[in-house]
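In: Quick one: sequence plus predicted model below, questions after.
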Amino acid sequence: MRTFNTPALRAPQVHLLSNGRYHVVITNAGGGYSRWRHLAVTRWREDAARDCWGTFIYLRDAATKEFWSAAYQPVLQPAERYEVSFARGSAAFRQHRGDLEVHTQICVSPEDDVELRRVTLTNHSRAARSIELTSYAEVVLAVPGADLAHPVFSNLFVQTEFVRPTPAILCTRRPRSEGETAPWLLHLMVGDHSAQDAISCETDRARFVGRGRTPASPAAMHDVSSALSNTAGSVLDPIVSLRRTFGLAPNETVRVDFVLGVTESRDTALALAENYLDARTGDRAFVLARNRDQVTESQLNATESELETYERLAGPLIYADPARRASPGVLLRNRQGQSALWRYGISGDLPIVLLRIDDPTKTGLVTQFIGAHAYWRMNGLAADLVILIGDVPASDPSLQDQLVQLIASGPEAEMRDKPGGIFVRGLAEIPEPDRVLLQSAARLVVTDEDGLPAERGEIPEGPDLSIPALTPVRTPSGGAPRPLVPRELIFPNGLGGFTPDGREYVITLEPDRVTPAPWVNVLANPGFGTVISEGGSAYTWAENSHEFRLTPWNNDPVTDAGGEAFYIRDEQSGEFWSPSPLPARGATTYVIRHGFGYSVFEHTENGIVSELTVYVAIDAPVKIAALKLRNVSGRPRRISITGYWEWVLGDLRQKNLLHVQTEVDPGTGALLARNYYSTDFSEWIAFIDADGPARTVTGNRNEFLGRNGTLSEPAALKRVHLSGQVGAGLDPCGAIQVSLDLPDGQELTTGFRLGAARGLKNAQSLIHRFRGVESGTAALEGVRRYWTQTL
């Protein structure tokens with residue numbers, strides 16, 4: 001059994017639960033995914049820093065309305081005691097909150113394609129308690145790649161149904177072509193004992209999460225109503241959520257099962273739901289799941305310790321872990337892309353495990369990795385195991401023959417040289433550039449000198465950044481909000497309207513107000529552009545808006561999550577906020593002006609008036625963000641401004657995050673990023689630059705956000721400065737922090753620039769050309785002049 005007492009380890013630790021058809025991955029923080037055969041059941045994105053995707057259960061005290069989650073994710077509320085155990089056939093989370101104990105167990109039934117999440121509540125107090133339980137999962141029912149590429153389009157075909165007699169939620173996909181058949185998802189809650197109300201449901205994510213919110217603090221958990229809306233049908237963004245309130249007498253225990261599963265027909269789904277309404281079926285599933293794990297151990301001829309090692313090694317295949325990869329020095333040497341793998345029969349589409357064998361006496365390590373590969377495959381985790389034979393003359397094939405025989409006599413005999421299989425190659429036949437490529441593409445690199453991690457001990461936590469925490473020396477002053485300047489608008493709708501000349505659309509967002517959907521502006525020239533919403537969420541591309549995104553397009557109109565952000569921080573109080581409503585919204589009103597070729601965000605917080613103007617140069621692949629600050633607080637201020645960008649440098653972040661390399665350019669001081677693994681854009685260099693000499697940088701997203709962190713509360717803004725860490729093998733981002741003194745009554749403008757160019761010289765030329773406030777102002781005048789002439 002593997003046990004943890006914290007959700008915040010260096011990298012997510014995973015547990016694999018499966019019956020061979022239905023697969024669940026769960027992390028020590030409560031994230032993960034569910035899959036059925038080749039389909040994603042629930043939505044998931046690889047994110048080792050945030051780990052915020054999965055199937056979740058919320059708890060709410062009916063009296064105080066305080067809410068939290070059964071695991072650390074998604075609410076991120078620390079518990080007095082937090083214990084996680086990964087055992088045979090199940091995972092368990094136990095936490096204590098005052099006198100309430102919450103024990104959550106998870107398993108996959110070997111008999112049916114369902115997962116069970118059993119929540120056991122124990123009231124250790126002398127007073128009665130009423131606890132509301134609410135489930136939440138985002139429905140996919142499609143191949144993971146389709147959902148990753150365009151989730152909004154994928155969502156359009158999901159139909160939901162609330163079957164009240166059971167009661168259960170059913171979901172399926174409307175066919176897109178003749179003869180297409182779709183599976184059925186079922187979700188139900190089992191537990192009538194001590195129930196204080198009827199089960200209610202929600203299948204509309206927009207209603208549950210709420211515009212501008214996230215699952216960490218969804219609207220449904222702030223609504224004083226105890227019941228969900230029971231919305232079902234053709235929803236735009238499907239989820240499954242069930243809610244019920246349970247009473248607990250003093251020292252009483254209540255047990256509730258949440259069932260999520262997939263079948264091939266509606267009738268089978270209904271029959272399965274009826275079967276699991278009997279709690280004894282759930283009991284049987286947990287027993288059989290434990291027995292199946294014992295059978296797996298026997299089939300693989302592995303010990304329990306070896307199976308735990310296989311699970312430990314599965315972690316970096318799902319969540320990239322720099323400590324398990326090749327060294328940064330090796331990664332920085334790679335100059336080849338995915339297509340160079342194809343000559344070895346390796347697609348590069350699946351996680352790669354690279355095992356190097358030099359010593360003929362250590363073939364036992366190969367046997368263990370063959371067992372690990374079989375275990376992963378039995379649990380729905382596909383990977384390419386590449387065995388490199390080194391330091392053996394090409395004329396001596398004995399070691400290679402020995403390894404081939406090991407594979408042929410083991411559980412993976414039929415998987416040699418197949419996708420998701422085992423590949424044996426000799427180093428003598430691989431040129432040095434390809435050796436570097438294989439090491440760079442691998443998520444897990446092991447040599448016979450290192451041995452299995454269990455043999456050499458756990459890799460310690462990542463390097464200490466040694467950056468002191470920011471210690472407040474002054475209490476946040478707040479201050480009265482400044483009155484808004486009245487604006488004459490035409491066609492006002494309560495949130496916004498056009499200026500009389502029709503050149504701007506002005507949106508006013510008072511505290512807690514949001515637009516019903518992202519209201520966006522497209523800022524572009526023929527070869528470069530960005531889409532920015534009223535919240536300030538944006539994504540940027542160069543050359544091709546799909547194939548070469550500099551920052552991610554998350555395609556989520558509910559949360560409007562983005563990969564670009566700005567922060568203003570008071571260096572004396574530690575208080576920070578964003579100059580736009582997202583991601584760290586301030587306490588006062590925001591005014592957003594979308595114009596032709598630019599967007600402006602106006603805000604006043606804590607005595608600092610800010611105006612952020614975002615635009616794209618008319619004749620260059622550069623995006624400029626000019627942030628003007630004015631101090632009206634009545635005292636001198638020490639302020640820092642932080643810009644943050646998540647790198648993609650390709651079509652999808654998940655496909656490219658292993659390969660982005662960052663550096664500080666010695667010639668300009670700008671932060672550079674490149675992706676040699678890209679097939680079409682390996683020669684391109686993206687850059688970030690900012691005005692001001694007093695600045696620090698980082699290329700490490702894990703550092704900036706923190707483990708289980710968020711863009712609204714990034715860990716980096718609780719430290720004095722950024723680390724300066726750049727290079728290869730990091731969770732890639734670009735962040736620049738500029739510090740400045742702002743006397744009372746004074747005004748300063750700082751420019752941030754994001755751009756891309758083919759080759760270093762072209763990138764440096766753009767950096768120099770647009771550096772400084774005057775250059776930025778001239779570029780904005782060019783934008784205004786172009787649109788005035790065009791219109």
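Out: Everything's here; your move.
In: Show me where the stretch 551-700 of the chain has its helices.
Out: Secondary structure of the stretch 551-700 of the chain (DSSP state H, counting those that start in this stretch): helices located at 653-656.
In: And the strands in it?
Out: Read by DSSP state E, counting those that start in this stretch, the stretch 551-700 of the chain holds these strands, from start to end of the chain: 564-570, 576-577, 590-595, 598-605, 608-616, 622-631, 637-646, 660-664, 671-675, 684-690, 695-700.
In: how about these in CSV, adding distance to residue 759 and mean pLDDT?
Out: Bear in mind the C-beta positions are built from the backbone N, C-alpha and C, glycine included. Shown next, in CSV, are the strands of the stretch 551-700 of the chain (distance: least, CB to CB, whole Å; pLDDT from 0 to 100):
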stretch, distance to residue 759, mean pLDDT
strand 564-570, 24, 98
strand 576-577, 37, 98
strand 590-595, 33, 98
strand 598-605, 29, 98
strand 608-616, 21, 98
strand 622-631, 15, 98
strand 637-646, 21, 98
strand 660-664, 15, 98
strand 671-675, 10, 98
strand 684-690, 7, 98
strand 695-700, 20, 96
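In: Which one, of those strands, ends up nearest to residue 498?
Out: Judged by CB to CB, the one of those that comes nearest to residue 498 is strand 590-595, at 10.0 Å.
In: Against which helices or strands is that closest one packed?
Out: If you count contacts as 3 or more CB pairs under 8 Å, 6 or more residues apart in numbering; DSSP states H and E, strand 590-595 packs onto strand 504-509, strand 520-525, strand 598-605.
In: Check what pLDDT the closest residue to residue 522 other than its chain neighbours gets.
Out: Closest residue to residue 522 in three dimensions, ignoring its sequence neighbours and counting by CB to CB, 6 or more residues apart in numbering: residue 531, at 5.5 Å. Looking at residue 531, its pLDDT is 99.
In: did I read that right, residue 531 in a helix?
Out: No: applying DSSP: H, G, I helix; E, B strand; the rest coil, one finds residue 531 to be strand, outside a helix.
In: quick one on the thing from earlier: of the strands of the stretch 551-700 of the chain, which approaches residue 119 most closely?
Out: Ranking these by proximity to residue 119 (CB to CB) places strand 637-646 first, at 34.3 Å.
In: could you give the angle of that closest one to strand 660-664?
Out: 150 degrees (axes from the mean of the first three to the mean of the last three CA atoms, to 10 degrees).
In: and strand 637-646, what does it pack onto?
Out: Packed against strand 637-646 by the contact rule (3+ CB pairs under 8 Å, 6+ apart) you find strand 564-570, strand 622-631, strand 684-690, strand 732-742, strand 747-758.
In: Which positions within it qualify as buried?
Out: With burial defined by 16 or more other CB atoms under 10 Å, the residues of strand 637-646 counted as buried are 637, 639, 640, 641, 642, 643, 644, 645, 646.
In: who's in contact with the nearest residue to residue 83 once chain neighbours are set aside?
Out: Taking CB to CB, 6+ apart, and ignoring the residues beside it in sequence, residue 83 has residue 94 as its nearest neighbour in space, at 4.4 Å. Counting by CB atoms under 8 Å, 6 or more residues apart in numbering, residue 94 touches 81, 82, 83, 84, 85, 101, 102, 103, 104.
In: cutoff 10 Å now
Out: For residue 94, the set of contacting residues under the criterion of CB atoms under 10 Å, 6 or more residues apart in numbering consists of 70, 79, 81-85, 101-105, 120.
In: ok, then the element right after the strand or helix carrying it?
Out: Residue 94 is part of strand 90-97, with elements assigned from DSSP states H and E. Scanning forward in sequence from strand 90-97 by DSSP H and E, the next helix or strand is strand 100-108.
In: I'd like the strands of the stretch 551-700 of the chain laid out as CSV, including distance to residue 472.
Out: Converted to CSV, the strands of the stretch 551-700 of the chain look like this (distance: least, CB to CB, whole Å):
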stretch, distance to residue 472
strand 564-570, 9
strand 576-577, 11
strand 590-595, 25
strand 598-605, 16
strand 608-616, 16
strand 622-631, 19
strand 637-646, 12
strand 660-664, 30
strand 671-675, 28
strand 684-690, 25
strand 695-700, 19
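In: Tell me which of those strands lies nearest to residue 66.
Out: Relative to residue 66, the nearest member of the strands of the stretch 551-700 of the chain by CB to CB is strand 576-577, separated by 25.2 Å.
In: That closest one pairs with which strands, and in what direction?
Out: strand 564-570 (antiparallel) (DSSP bridges).
In: how far off strand 747-758 does the strand it pairs with point, in degrees?
Out: On the basis of the same axes, to 10 degrees, strand 564-570 is oriented at 150 degrees to strand 747-758.
In: pretty sure residue 703 contacts residue 715?
Out: Yes: the pair residue 703 and residue 715 qualifies as a contact (CB atoms under 10 Å) at a distance of 7.3 Å.
In: Comparing the two, which shows the higher neighbour count?
Out: Neighbours of residue 703 and residue 715, each counted by other CB atoms under 10 Å, are more numerous for residue 703; the result is 25 against 19.
In: Ramachandran angles for that one?
Out: According to degrees, to the nearest 10, the main-chain angles of residue 703 amount to phi -60, psi -50.
In: Where does pLDDT dip in the protein?
Out: Within the chain, the stretches falling below the threshold (pLDDT under 70) are 392-397, 453-465, 478-480.
In: and residue 193, that one's in a helix?
Out: No: note on residue 193: no helix contains this position according to three-state DSSP, which reports coil.
In: what residues are up against residue 322?
Out: Under the criterion of CB under 10 Å, 6+ apart, the neighbours of residue 322 are 10-11, 48, 316, 328, 331, 459, 462, 658, 700, 702, 727-731.
In: How about the backbone phi and psi for it?
Out: Dihedral angles phi and psi of residue 322 (degrees, to the nearest 10) take the values phi -60, psi -30.
In: and the residue nearest to residue 522, how many neighbours?
Out: 18.
In: Distance check, the closest residue to residue 308 other than its chain neighbours against residue 30.
Out: Spatially, and ignoring its direct neighbours in sequence, residue 308 is nearest to residue 2 (5.7 Å; CB to CB, 6+ apart). When distance is defined by CB to CB, to the nearest Å, residue 2 is 15 Å away from residue 30.
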